[in-house]
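Participant: Sharing a model prediction with you, sequence too.
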Amino acid sequence: MKLSISHVTQYEYADTVTDSVNEIRLTPSTNERQSCYQQAIAIEPNASLFSYEDYFGNRVHAFSVNGPHKRLTIRTSMTVVTKQAPSPEERAQYLSKRPPEQAWNWLRTEEAANRFTEFLLTTEYTAVTTEVEQFTREISEFYESGQASVLDWLSALSTKIRAEFIYDPEATDVKTKTSDMFLSKRGVCQDFAHLMIASCRAIGIPARYVSGYHFVGDLQGGSADFEQASHAWVEAFVPGLGWCSFDPTNVDPVGERYVKLGHGRDYKDIVPVKGVYRGTGEQVLHVTVDVRNVED
């Protein structure tokens with residue numbers, strides 16, 4: 001699938017501000033499942049961009065606007081070609097070479113702990129609380145029996161989150177931690193991703209937070225808004241397969257409708273736009289995202 005993506009972020013300040021220093025993580029990854037063919041980034045007021053890769057391999061663009069300004073606009077446009085997700089049959093073929101107990105046992109080794117330390121330790125957003133432990137324990141029969149593969153366990157976890165939590169944009173915000181949403185049983189993709197990550201780490205499965213876009217425009221008869229197009233999901237490490245994607249928000253497999261921007265330990269590592277400036281704290285943020293399927 002060939003997708004054209006436009007992402008506009010605009011800050012409007014109540015008074016003039018200066019010395020605005022920013023980082024943006026809005027460049028799609030190029031990997032075995034997707035290729036970024038082109039990207040354009042424009043900053044208003046005009047600013048020079050400095051590019052580098054962060055610790056996790058994500059492409060970062062940094063810039064500064066030192067002069068007085070009351071509005072900051074970041075426009076990005078890109079074209080990405082994506083592939084379908086591996087079929088269940090293809091995954092099963094790879095996994096057939098390794099018994100489930102062998103995979104679970106390897107995850108407990110020192111080799112696994114050293115290789116995936118960053119994605120096994122808890123974070124502020126993904127603390128393994130009593131609620132998380134209880135939630136994880138409810139599907140632990142998959143793990144304890146040794147009959148189900150790591151992939152089966154992860155699929156069951158993703159399904160359980162979708163079944164027990166309601167998607168509600170008004171229920172949480174970007175500061176919500178995993179334990180905060182158990183009372184209301186409501187949240188958004190960021191919350192569901194953090195819960196899945198915390199549950200994975202609770203039993204020793206490396207897991208990481210993914211930020212990106214989800215194309216749903218053709219399913220709704222038009223382009224999607226920011227809440228629908230900007231998305232978060234999870235990558236967990238499955239011995240024998242490598243990093244596998246799971247979306248605890250949507251039933252669809254993570255395939256050609258998904259565009260990955262980057263990954264980290266949690267949301268804080270992969271915030272799309274963040275920065276500091278000198279001046280008033282009163283500001284209004286406007287974000288618009290448009291994802292379209294481009295026919296050749």
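Facilitator: Looks like it came in fine.

Participant: which stretches of the stretch 51-200 of the chain have low pLDDT?
Facilitator: 94-97, 141-146 (pLDDT under 70).

Participant: would you list every one of the strands in it?
Facilitator: 59-65, 69-82, 166-167, 186-187 (DSSP state E, counting those that start in this stretch).

Participant: State the number of residues packed around residue 66.
Facilitator: For residue 66, the count of nearby residues is 13 (other Cβ atoms under 10 Å). (Glycine included, C-beta is placed from N, CA and C.)

Participant: Next: the one 3 residues further on.
Facilitator: Residue 69 has 18 neighbouring residues, counting by other Cβ under 10 Å.

Participant: Can you verify my assumption that it contacts residue 12?
Facilitator: No: using Cβ atoms under 8 Å as the test, residue 69 is too far from residue 12 to be in contact (10.3 Å).

Participant: Can you lay out the strands of the stretch 51-200 of the chain as TSV showing distance to residue 139?
Facilitator: Below are those laid out as TSV (distance: least, Cβ to Cβ, whole Å):
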stretch	distance to residue 139
strand 59-65	36
strand 69-82	30
strand 166-167	19
strand 186-187	19
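
Participant: what about those, which gets the closest to residue 50?
Facilitator: Closest to residue 50 of the strands of the stretch 51-200 of the chain is strand 59-65 (Cβ to Cβ; 4.7 Å).

Participant: Which elements pack onto that closest one?
Facilitator: Other helices and strands packing on strand 59-65, by 3 or more Cβ pairs under 8 Å, 6 or more residues apart in numbering; DSSP states H and E, are strand 2-24, strand 34-44, strand 50-53.

Participant: ok, and what's touching it?
Facilitator: 19-27, 29, 41, 43, 45, 47-54, 72, 262 (Cβ atoms under 8 Å, 6 or more residues apart in numbering).

Participant: What subset of these is buried?
Facilitator: Among the contacts of strand 59-65, the ones that count as buried by 16 or more other Cβ atoms under 10 Å are 20, 22-27, 29, 41, 43, 47, 72, 262.

Participant: residues in contact with the residue lying closest to residue 266 once chain neighbours are set aside?
Facilitator: Closest residue to residue 266 apart from its sequence neighbours, by Cβ to Cβ, 6 or more residues apart in numbering: residue 125 at 4.0 Å. Taking Cβ under 8 Å, 6+ apart as the contact definition, residue 125 lies against 177, 178, 194, 266, 267, 268.

Participant: And residue 125, its phi and psi?
Facilitator: phi -80, psi -20 (degrees, to the nearest 10).

Participant: picking up where we left off before, would you list the helices and strands packed on strand 59-65 in TSV and tack on distance to residue 236?
Facilitator: Listed next are those as TSV, based on distance: least, Cβ to Cβ, whole Å:
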stretch	distance to residue 236
strand 2-24	24
strand 34-44	19
strand 50-53	23
